[in-house]
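Novice: quick one: sequence and predicted model below, then my questions.
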2 protein chains.
Amino acid sequence: MAEESNPPVPPAGDNAAAAEAAGPSKKAAKKAEAKAKKEALKAQRAAERIAVAATSNEPEEDPAKDFYGAATPALLASFPAGAEYVHLKDINESHLGKTVVIRAWLQNTRMQGAKMAFVELREEGNWAIQGIVSATADNKAEDGKPVISKRMVKWVGAVNPESFVTVEATVEKPFAPVKSCRVSDFELHITKLYVIAAAPATLGMTLAAANRAVTNFSDEEAKPEEAAQEKEAEGGPPAASMLTHLDNIVMHKRSPVQQAIADIRVEVKHLFRSYLREHGFKEFEPPCLIGAASEGGANVFSMPYFNQKAYLAQSPQFYKQFEIAGGRKRVFSIGPVFRAENSNTPRHMTEFTGLDMEMEIQKDYHEVLSMLEGVLLHIFRGIEKNCAAEIELVRSVYPSPEILLPEPGKELRLTFAEAQKLLREEGPEEFRNVRDDEDMSTPQEKALGALVREKYKTDFFAVDKFPEAARPFYAKVDPASKPNEPVTNAFDMFLRGQEILSGGERIADPDELEARIRFKGVDPKSAGIKEYIQVFREAGVPPHGGGGIGLDRVVAWYLALPSVHLAAYYPRTPKRLLP
Amino acid sequence: MAEESNPPVPPAGDNAAAAEAAGPSKKAAKKAEAKAKKEALKAQRAAERIAVAATSNEPEEDPAKDFYGAATPALLASFPAGAEYVHLKDINESHLGKTVVIRAWLQNTRMQGAKMAFVELREEGNWAIQGIVSATADNKAEDGKPVISKRMVKWVGAVNPESFVTVEATVEKPFAPVKSCRVSDFELHITKLYVIAAAPATLGMTLAAANRAVTNFSDEEAKPEEAAQEKEAEGGPPAASMLTHLDNIVMHKRSPVQQAIADIRVEVKHLFRSYLREHGFKEFEPPCLIGAASEGGANVFSMPYFNQKAYLAQSPQFYKQFEIAGGRKRVFSIGPVFRAENSNTPRHMTEFTGLDMEMEIQKDYHEVLSMLEGVLLHIFRGIEKNCAAEIELVRSVYPSPEILLPEPGKELRLTFAEAQKLLREEGPEEFRNVRDDEDMSTPQEKALGALVREKYKTDFFAVDKFPEAARPFYAKVDPASKPNEPVTNAFDMFLRGQEILSGGERIADPDELEARIRFKGVDPKSAGIKEYIQVFREAGVPPHGGGGIGLDRVVAWYLALPSVHLAAYYPRTPKRLLP
């Protein structure tokens, strides 16, 4: 680490030039302008002072002076000259002995005496490589090779970690594989290093800390004693709370573990979309702004909207159905949904990404169930294959058991009644009396997940035929169910004992829908509901069903993360809207 | 058309059964339940009355009675038995003479005497086929073929248009190609037809009307005399206003022209995404809910958010940059953005879909410009190829000239100064004095588009180096520009004379950024801005740039639609949040 920091010269001269170049603007206040110039000038002078300080006590000419320093725009425009620009993940045997150029974050430096410095360069994710800069003996280069001065070595060794640099180097074999870097079979013998964007001398959170398991997910500020604990880790760099991570969003995101989670999230989304596209689904965009809080009461955000009130959609449910009514056979959407729920738990967010689909049913709503099972298993098997390295990396920080998936064709579907019976008969004492006509609680779901894993060797399964009382008004009641124990053609899917999907058949007949809405105690003439029912009266709507998946939860529970907030890019909680 | 409507029996009996099956619920009020039952019973009795009326004056047994009627769940579960289920778009020579089953909307019926009825069946988009149901002479079938009774023919001829039906038929060659249907080389000789979901006797808007050009995009109710004009069309079915379309969203969406626009929109999105993925971009989801109205002042929606205030994001700008700062080299996002602008024009919506990207710059921001040119041309050439039929269909309703695209490698890039010079020297009189340091107006953009099309034979081009005053505070000022005429490394792209993209290099250095923010008259300590600048101080951020495309506008202007509202699925305007 660059504690004895002699900070590299920031390219502040340019800033000043740019600020001056901006010149007069009719709109901008004279005052602001003057302030800006003063600021820029100050920065320029500070940079000049640093530059002078860096060289003043070594008066003699540095033969390597052009090989390091702050990168100027002119230098960047012509660099690399003659050398191949490579990505770290692409380096292979063919590069051995060749001169290459890379652009990367310098994540670590270590001086080895006065003549040699080791650096770690990270390009993206956890693709890092070791670099060595070694002073040429007596400043005399052999065979036209460039001279590396001790001053250059010292300068490189003092670059602040997480500065963005560009490097010219020859690719060599290290004496032994470099354990600390993913590119372990090669190292870079650095001949030039320029800082493109300097990091501060002290990071708000180091990369090592950012890459440790988050200690605390509370939205509250940690109490002083907890903050102290946060610093004291059992060996290794200190870990930090989620609040510290979010306050240092750049370092949070740069940590290899968050990069890996993000990559897995990208792949989950891609697999969802590509599977459905292959099965004839068409994407559409439901609106976020809606005119009525039609789907639920309390948990909806509302806002002034010109001369009326607008609400934020809690799901694309109605709009998916409108697409089916409007002549699309199979649709899906991927987008934000909002819940104004004051729940401060690791399972909740006020904004999350919904993966939703809806399809025409030909014979039976199990077509929908099969499609959703299919897409989820495609996702799970897909990331297992395509993101093996990322999953392993996440597990090194957040350990989790291997996930058990059913063999193809042996997917597990329990009815709700079967699941409750299993809980009653083989579950923990407290679930001896669970009923078939009441929804499951979160602890019940977890206990069921554990029982199923033990008994059926799978972490993924569906629970079908939920009781009528546990489902919303648009859920189709199974016409074959007993009149005094009505169940719906609706299901949930579970992963590691947590719900990740809700789906089922919807009511397509307007009279049946209106009757059910009334039965549920909702006024069919109320705002939003009236228009919803009307859609099914406009023209004949085919039988249909669908489901919704929470992207954040699928990623979080697949990886057994301690909080869904780690799977989101910018988690929104009742207390937090930043960054 | 089925004017002499003898409506098919709606499957109301099931509704009643389902409602009854629902049984007692602890929560639902007794009152609501009673009402629901009454409603369902009423519907059942009405259905029975219709059924009796349909058959009462023909007392003798109908030999075809099992071949038509309302589809029951039992029938649907076993249908088709032995026949191949086909999609209309897949029908080919191999099906000739074979019995197939389709599910489709019956879009039209026509009686030919008492013994024959023609129907048009549409499955999706504009995939329609002609069907014929023809009574068997003397009710005597030959060779074990099913008997078609006159009563069946009459019943089929009276099915309400836009009912959803399932049909068993043999595929035959028509005497002559059926001009009115896309599947023109085959016709269906119908042996069974069941109504799965009945349309009402009178549609709020017929399919033919829905498929005509919208007459009026005003958000206001049409005045009586305009409404009368709306009905009076110069031949053909009457056209309707956008308000009528939105009030009949199902028929609006079912119209082949809207289906085609939707298909093109799906493809634009897909091409954007697949091109960027191939070029190493990673998708991410920026938040919609943000803690400060940081990007602009007046045009932002705000709402109560627990103990604070939340705003809806006007663009993912800051978050794209956070991703770059957070270690992603290239990112893109597709999602909703919001503008609280009280603009009631065919170019504005309060919610639209943004296609956004951001990337690290290696040498020069023209890397960003090239990437965006590349993705847009990929989209335009892609839909030209993949959506030829859809584009042709849209043109048949909304005529537009062929779009002129540059040859590969000959993309047109004008500087802002060059564009203004062109306008001054060769443009309309009113633009003789346009200045190089003031932003372009919409009429200027249109005139420029016309000039460029004439002179350079392209409808797509970029205008680069916008003046400083015309760009937001995050735009990088070109360090090489004249101090008294500062221009930015920022550009727009135009299609048919309308802006579809804004992009450019962003300021990556925190001091330069702070100075510029101040210069623009914004307080760098204000909410949201402070946190934005801080991100660039957290660690070294590489030079980067990007751009944003309005999906709705790209679709609308490519197709030269009269309003962007036609390209959106559910257009949001200051006056309208429904459906």
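Specialist: Yep, that arrived. Numbering: from 1, shown residues only, chains lettered A, B, ... in the order given.
Novice: how about the contacts made by A:Arg254?
Specialist: A:105, A:162, A:207, A:210, B:326-327, B:539 (C-beta atoms under 8 Å, 6 or more residues apart in numbering or on different chains). (C-beta placed from N, C-alpha, C; glycine too.)
Novice: ok, the residue lying closest to A:Phe431 once chain neighbours are set aside - how many residues close by?
Specialist: Of all residues not flanking A:Phe431 in the chain, A:Leu423 sits nearest, at 4.4 Å (C-beta to C-beta, 6 or more residues apart in numbering or on different chains). Neighbourhood size, A:Leu423 [other C-beta atoms under 10 Å in any protein chain shown]: 21.
Novice: helix/strand/coil for A:Leu423?
Specialist: helix (DSSP: H, G, I helix; E, B strand; the rest coil).
Novice: tell me which element the closest residue to chain B within the stretch 151-300 of chain A falls in.
Specialist: Per C-beta to the nearest C-beta, A:Lys253 is where the stretch 151-300 of chain A lies closest to chain B, at 2.7 Å. In this assignment (DSSP states H and E), A:Lys253 forms part of helix A:249-254.
Novice: same thing with A:Glu341?
Specialist: Using DSSP H and E, A:Glu341 falls outside every helix and strand.
Novice: that one touches A:Thr350, doesn't it?
Specialist: Yes - A:Glu341 lies in contact with A:Thr350 (C-beta atoms under 8 Å); the separation is 7.0 Å.
Novice: hey, what's in contact with both of the two?
Specialist: Joint contacts of A:Glu341 and A:Thr350 (C-beta under 8 Å, 6+ apart) are A:Pro574.
Novice: out of these two, which sits in the more crowded spot?
Specialist: More neighbours surround A:Thr350 than the other of A:Glu341 and A:Thr350, with 26 against 16 (other C-beta under 10 Å).
Novice: which non-adjacent residue is nearest the more buried one?
Specialist: Distances taken as C-beta to C-beta, 6+ apart place A:Arg572 nearest to A:Thr350, at 4.6 Å, with adjacent residues excluded.
Novice: kindly report the residues of the stretch 401-550 of chain A close to chain B.
Specialist: Within the stretch 401-550 of chain A, the residues that sit near chain B (C-beta under 8 Å from any C-beta of the partner chain) are A:468-469, A:476-479, A:481-486, A:508-509, A:511-512, A:514-516, A:518-521, A:531, A:535, A:537-543.
Novice: would you write a PyMOL line that selects the buried entries of those residues?
Specialist: Restricted to buried positions by 16 or more other C-beta atoms under 10 Å in any protein chain shown, the PyMOL selection for these reads:
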select buried, chain A and resi 468+469+476+477+478+481+486+508+509+511+512+514+515+516+518+519+520+531+535+537+538+539+540+541+542+543
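Novice: need the strands for the stretch 251-400 of chain A, in chain order.
Specialist: Taking DSSP state E, counting those that start in this stretch, the strands of the stretch 251-400 of chain A run over residues A:282-283, A:289-290, A:302-305, A:308-312, A:330-338, A:351-360.
Novice: dump the fourth one to CSV, restricted to CA.
Specialist: What follows is strand A:308-312 as a C-alpha-only set of coordinates in CSV (Å, rounded to 0.1, in the frame of the first residue of the first chain):
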residue,chain,number,x,y,z
GLN,A,308,-54.7,14.7,-10.7
LYS,A,309,-52.9,12.1,-8.7
ALA,A,310,-50.6,9.4,-10.1
TYR,A,311,-49.5,6.1,-8.5
LEU,A,312,-46.4,4.0,-9.1
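Novice: just the strands from the stretch 101-250 of chain A, written as ranges.
Specialist: With DSSP E, counting those that start in this stretch as the criterion, the stretch 101-250 of chain A has strands spanning A:116-122, A:128-134, A:163-172, A:183-197.
Novice: now stretch A:350-366: how far from the chain's centre is it?
Specialist: 23 Å (C-alpha atoms, centre = their mean, to the nearest Å).
Novice: would you put the C-alpha positions of it in PDB?
Specialist: Taking C-alpha atoms only, stretch A:350-366 is exported to PDB below (Å, rounded to 0.1, in the frame of the first residue of the first chain):
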ATOM      1  CA  THR A 350     -39.200  -0.200  -2.200                       C
ATOM      2  CA  GLU A 351     -38.100  -0.600  -5.800                       C
ATOM      3  CA  PHE A 352     -37.100  -3.800  -7.500                       C
ATOM      4  CA  THR A 353     -36.800  -5.400 -10.900                       C
ATOM      5  CA  GLY A 354     -39.700  -7.600 -11.900                       C
ATOM      6  CA  LEU A 355     -39.400 -10.300 -14.500                       C
ATOM      7  CA  ASP A 356     -42.900 -10.900 -15.700                       C
ATOM      8  CA  MET A 357     -44.600 -13.000 -18.300                       C
ATOM      9  CA  GLU A 358     -48.200 -13.800 -19.400                       C
ATOM     10  CA  MET A 359     -49.400 -16.300 -22.000                       C
ATOM     11  CA  GLU A 360     -52.500 -17.700 -23.600                       C
ATOM     12  CA  ILE A 361     -53.600 -21.000 -22.100                       C
ATOM     13  CA  GLN A 362     -54.600 -23.700 -24.600                       C
ATOM     14  CA  LYS A 363     -55.800 -26.500 -22.400                       C
ATOM     15  CA  ASP A 364     -54.700 -26.100 -18.900                       C
ATOM     16  CA  TYR A 365     -52.900 -23.600 -16.700                       C
ATOM     17  CA  HIS A 366     -50.100 -26.100 -16.100                       C
END
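Novice: give the closest residue to A:Leu495 in space, chain neighbours not counted.
Specialist: A:Leu495 sits nearest to A:Trp557 (C-beta to C-beta, 6+ apart), 4.8 Å away.
Novice: in which helix or strand does the one you found reside?
Specialist: A:Trp557 belongs to helix A:551-558, assigned by DSSP H and E.
Novice: same deal with A:Gly547?
Specialist: Applying DSSP H and E, one finds A:Gly547 within strand A:544-550.
Novice: what helices or strands is that strand leaning on?
Specialist: Other helices and strands packing on strand A:544-550, by 3 or more C-beta pairs under 8 Å, 6 or more residues apart in numbering or on different chains; DSSP states H and E, are helix A:317-325, strand A:351-360, helix A:366-386, strand A:498-506.
Novice: alpha carbons only: can I get it in CSV?
Specialist: Taking Å, rounded to 0.1, in the frame of the first residue of the first chain, the C-alpha atoms of strand A:544-550 are listed here in CSV:
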residue,chain,number,x,y,z
HIS,A,544,-54.4,-16.9,-19.9
GLY,A,545,-52.0,-17.0,-17.1
GLY,A,546,-48.6,-15.9,-16.1
GLY,A,547,-46.2,-15.2,-13.3
GLY,A,548,-43.8,-12.7,-11.8
ILE,A,549,-40.3,-13.2,-10.6
GLY,A,550,-38.3,-10.8,-8.4
